[in-house]
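S.K.: This is the structure alone, sequence omitted:
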């Protein structure tokens, strides 16, 4: 049976924990708002980019860019976009479960975020590069990762590049997803994923028109396609960040709630114990008085 | 009279989305004027200014590098920077130019070099447009 002092001490320590988790929740929610805004603001650009690219590839005739080349996949690269820190609930666990689905023997890993890198190292799989990205992802960071992946692909070291990241759906829901980055494939699917209803209809008229190119198609597409891949990855980073902060906020909120509940329970127990002690003391005094009175 | 829908989008926001009568673009191979019913065209644009004529009035915008897709009824522009002439803050642009130049003067890696170069071009484009408007 713990003494009242033990319980008091316990309450104090739980209170401290609650304070910390509460502070982390505040920080995460401020960051979350910013990250969500950034992720959502990028979507019109991504949609328009998809439309433009669909039109461009349709109008380019039989021109083939090396980034769209399909080969038999003997070796693939997996870009693993995880978080740097923990304390964000089941986010990384779910993400890594998704990542574990790819056959390990034929895959090399590119990690963005430390948790993913640690996971790859722990399983003794082949890690070819590790990148970091900031709380507000910069386009340059995405470009660095994407450039590395494109070089791997173009030099023939890998035949496909996939990305595993956490897609931001809303504050309470984040879904780990695997997407193919290279070779650049069907655009319709991405279109449907990134936008709500309505934009698919906009896509069709421009996609049908045969476009002139100025300068020539190879030049324009040669610039557009790498930029498209860079941008795609940038959007993934932003989605991942928005997910991370949302998940952390929710995790910290439930931690704070749990701590509060625990404090409540402990206080009740403490008061009960205190009262029992008082009753016991009263009993002792009265019985002593009675013994003296005799 | 037929109109064109001009859409200018950057990764951060949708900057411009309006019906206009004519658009002048800074293409990489020279400036081009686009009227409604233009033949479908795909082109790259360079740093410079876009002039959108709406209701007989010219609106000026400073833009960075990017791509433009033109159809008979729409001009879609994807760029890394776009700002309306009225929104340009000259002091801020001047400050950005100085910073970018200072960074370029240092020895940097390729990636940073490219970034500094880009931000230098952005601020220069904004300054050029703003100064010309004043005259």
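M.R.: Received it, and whenever you're ready, just let me know what you need. What you are looking at is a predicted structure, and each value in this text was computed from that prediction instead of being measured.

S.K.: what ranges do the helices span in chain B?
M.R.: Taking DSSP state H as the criterion, chain B carries its helices at B:90-105, B:110-134.

S.K.: The stretch 101-250 of chain A against chain B: which residues are in contact?
M.R.: Within the stretch 101-250 of chain A, the positions near chain B by C-beta under 8 Å from any C-beta of the partner chain are A:139-140, A:143-144, A:205-206, A:209-215, A:217, A:219-220, A:223-224, A:227, A:231, A:234. For every residue, glycine as well, the C-beta is placed using N, CA and C.

S.K.: Please narrow the residues you listed to those residing in helices.
M.R.: A:139-140, A:143-144, A:205-206, A:217, A:219-220, A:223-224, A:227, A:231, A:234.

S.K.: What average pLDDT does the helix or strand residue A:283 falls within get?
M.R.: Assigned by DSSP states H and E, residue A:283 belongs to helix A:217-293. Across helix A:217-293, the average pLDDT comes to 91.

S.K.: now residue B:83, nearest residue through space, not along the chain?
M.R.: Here the nearest residue to residue B:83 in space, its sequence neighbours aside, is residue B:62; by C-beta to C-beta, 6 or more residues apart in numbering or on different chains that works out to 5.3 Å.

S.K.: quick one, what contacts that neighbour?
M.R.: Residue B:62 makes contact with B:48, B:49, B:81, B:82, B:83, B:85, B:88, B:122, B:125, B:126, B:128, B:129, according to C-beta atoms under 8 Å, 6 or more residues apart in numbering or on different chains.

S.K.: got it, and residue B:31?
M.R.: Residue B:31 makes contact with B:24, B:25, B:48, according to C-beta under 8 Å, 6+ apart.

S.K.: now do residue A:113
M.R.: A:80, A:81, A:82, A:83, A:84, A:132, A:133, A:240.

S.K.: quick one: contacts for the third one?
M.R.: Neighbouring residues of residue A:82 by C-beta under 8 Å, 6+ apart: A:92, A:95, A:96, A:111, A:112, A:113, A:114, A:115, A:116, A:117, A:119, A:240.

S.K.: could you redo the last one with a cut-off of 7 Å?
M.R.: A:92, A:95, A:113, A:115, A:116 (C-beta atoms under 7 Å, 6 or more residues apart in numbering or on different chains).

S.K.: Check it and give its pLDDT.
M.R.: 92.

S.K.: Buried ones among the residues of the stretch 101-250 of chain A next to chain B?
M.R.: Buried members of those, scored by 16 or more other C-beta atoms under 10 Å in any protein chain shown, are A:139, A:143-144, A:206, A:209, A:211, A:213-214, A:217, A:220, A:223-224, A:227, A:231, A:234.

S.K.: Need the max-distance pair from these.
M.R.: A:144 and A:209 (35.5 Å; C-beta to C-beta).

S.K.: so how far is chain B from the nearest residue to residue A:143 once chain neighbours are set aside?
M.R.: With C-beta to C-beta, 6+ apart as the criterion, residue A:143 has its nearest non-adjacent residue at 4.9 Å, and that residue is residue A:230. To chain B, residue A:230 is 10 Å away according to C-beta to the nearest C-beta, to the nearest Å.
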